[in-house]
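Undergrad: Sequence and computational prediction follow.
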Amino acid sequence: MGGTLARLLADVAHVDEVPLDSHFFHDLGADSLVMAHFCARVRKRPDLPSVSMRDIYRHPTIRDLTAA
C-alpha cells in the first residue's frame, strides 16, 4: 500500500518519486492544498483506506501513514 500512496502523492505533488520516509511538508514542500488533493485521490480508490487531513498532520510520511 505504501508504494501506491507514494505514487499517488508523487502525481499530485508533481514530483518524480516520493520516498517513504520523506516528510510531506518539510522534505517535499507540499502544502495543505496539495495534501487535501492527495486525500481526495485516495478516497476515490476503493482499494485504499480513506485518509483525512488529520491523518496527514498526525502521520506526515508515507511510512507513518501506512502504519496508521
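TA: Sure thing, it's come through.

Undergrad: Specify the residue positioned farthest from the middle of this structure.
TA: Pro46 (15.9 Å; C-alpha atoms, centre = their mean).

Undergrad: Three-state assignment for Val12, please.
TA: Under DSSP: H, G, I helix; E, B strand; the rest coil, Val12 falls in the helix class.

Undergrad: Surely it touches His37?
TA: Yes. Under the contact definition of C-beta atoms under 8 Å, Val12 touches His37, with a separation of 5.1 Å. For every residue, glycine as well, the C-beta is placed using N, CA and C.

Undergrad: If you count surrounding residues, which of the two has more?
TA: The neighbour count for Val12 versus His37, taken as other C-beta atoms under 10 Å, is higher for Val12 (20 against 16).

Undergrad: Let me see the contact set for the closest residue to the more buried one other than its chain neighbours.
TA: Distances taken as C-beta to C-beta, 6 or more residues apart in numbering put Phe38 closest to Val12, at 4.7 Å, once the chain neighbours are dropped. Shown in contact with Phe38 (C-beta atoms under 8 Å, 6 or more residues apart in numbering): 8-9, 12-13, 30, 51, 56.

Undergrad: Helix or strand: which one has the residue farthest from the centre of the chain?
TA: For Pro46, there is no host helix or strand (DSSP states H and E).

Undergrad: For the remainder of this discussion, apply numbering that starts at 6.
TA: New numbering, starting at 6: the last item is Pro51.

Undergrad: Can you pull the phi and psi angles for it?
TA: Phi and psi for Pro51, reported as degrees, to the nearest 10, are phi -70, psi -20.

Undergrad: In strands only, show me the contacts of Phe43.
TA: Of the contacts of Phe43, none are assigned to strands by DSSP state E.

Undergrad: all helices of the protein, in order?
TA: Secondary structure of the chain (DSSP state H): helices located at 7-18, 37-48, 58-63, 67-72.

Undergrad: now for those helices, which one comes closest to His28?
TA: helix 67-72 (9.4 Å; C-beta to C-beta).

Undergrad: Going by contacts, tell me the helices and strands next to the closest one.
TA: Packing contacts for helix 67-72, counted by 3 or more C-beta pairs under 8 Å, 6 or more residues apart in numbering; DSSP states H and E, involve helix 7-18.
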